[in-house]
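Participant: Model the structure of this input:
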Amino acid sequence: MGDRTHVTELRVRYAETDQMGVVYHANYLIWCECGRTEYIREAGTPYAQLERDGVSLAVVDATMRCHAPARYDELIRIETSLTEVRSRTLTFDYLITRAETGERLVSATTVLASIDSQGRITSLPSAVRDRFERA
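Facilitator: Next up, the predicted model:
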């Protein structure tokens, strides 16, 4: 686990910056979601298909550490790794950098829990868990 990393690149949009001209901190978590969604797609099943199959994943923990600011029109790289698969949760790590220089901007971790239709934490279906363990 953790030796497979998915890379997503995007360009900072003006709407993602604050009054000081830097990326507003909450946008980094959105970028983590972009990286995670693409990771899951590459692992074999788009997240939308998981939901159609009755699997819902909710972020139950998120941490991030800001190292340097991103600015408008910079190309950034989001490296996403699945670092832990448990019976009810998945843990993803992220490294967000400037694509051109590799300068570290943000490091983050999210934990997603499998939830049922009432929002209660439940076990991941074995087929889904196996798919993530192979990823």
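Participant: Grab the longest helix from this protein for me.
Facilitator: Counting residues, the longest helix in the chain under DSSP state H turns out to be helix 26-42.
Participant: Determine the set of other helices and strands touching that helix.
Facilitator: Applying 3 or more CB pairs under 8 Å, 6 or more residues apart in numbering; DSSP states H and E, we find helix 26-42 packed against strand 5-11, helix 47-52, strand 56-66, strand 75-85, strand 89-98, strand 104-115. Using the backbone N, CA and C atoms, a C-beta is placed for each residue, glycine as well.
Participant: Of all those, which one is nearest Val128?
Facilitator: Val128 lies closest to helix 47-52 among the helices and strands packed on helix 26-42, at 6.9 Å (CB to CB).
Participant: Val23 reaches Asp73, doesn't it?
Facilitator: No. Val23 is not in contact with Asp73 according to CB atoms under 8 Å; the separation is 11.1 Å.
Participant: With neighbour numbers in mind, choose between the two.
Facilitator: Comparing Val23 with Asp73 by other CB atoms under 10 Å, the one with more neighbours is Val23, at 24 against 10.
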